[in-house]
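> Following is a predicted model, sequence given first.
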Amino acid sequence: MDVLASYSIFQELQLVHDTGYFSALPSLEETWQQVLKDILEEDGKIYLSSADHAL
């Protein structure tokens, strides 16, 4: 499992604990990952990590 993904999950849990709700807005990291994936798909070069296969 990716270390950043685990850290992100704990951040989200802390947010729910502190505020009582979950923000549906994507984080900066999620936005960057989507942009990078889109760029690689346009080039026809898709490099998927094991974390992407879990989705």
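Yes, it's here.
> moving C-terminal of the top helix by length along the chain, what's the next helix or strand?
Under DSSP state H, the helix in the chain containing the largest number of residues is helix 3-19. Sequence order places helix 28-42 as the next helix or strand after helix 3-19, per DSSP states H and E.
> helices or strands next to the longest helix of the chain in the packing?
In this structure, helix 3-19 makes packing contacts with helix 28-42, judged by 3 or more C-beta pairs under 8 Å, 6 or more residues apart in numbering; DSSP states H and E. The C-beta positions use only the backbone N, C-alpha and C, and glycine is treated the same way.
> Mind giving me the packing neighbours of the helix it packs on?
Identification of packing neighbours for helix 28-42 by 3+ C-beta pairs under 8 Å, 6+ apart yields helix 3-19.
> show me where pLDDT drops low in the protein?
Residue ranges of the chain with pLDDT under 70: 1-7, 45-55.
> how about a cut-off of 90?
Judged by pLDDT under 90, the chain has its weakly predicted residues at 1-16, 19-31, 36-55.
> I'd like the distance from Gln14 to Asp38, if you could.
Using C-beta to C-beta, to the nearest Å, one obtains 29 Å as the distance from Gln14 to Asp38.
> which residues touch the longest helix of the chain?
By C-beta atoms under 8 Å, 6 or more residues apart in numbering, the residues outside helix 3-19 that reach it are Phe22, Ser23, Ser27, Glu29, Glu30, Ala51.
> Having no further points to raise, I will conclude here.
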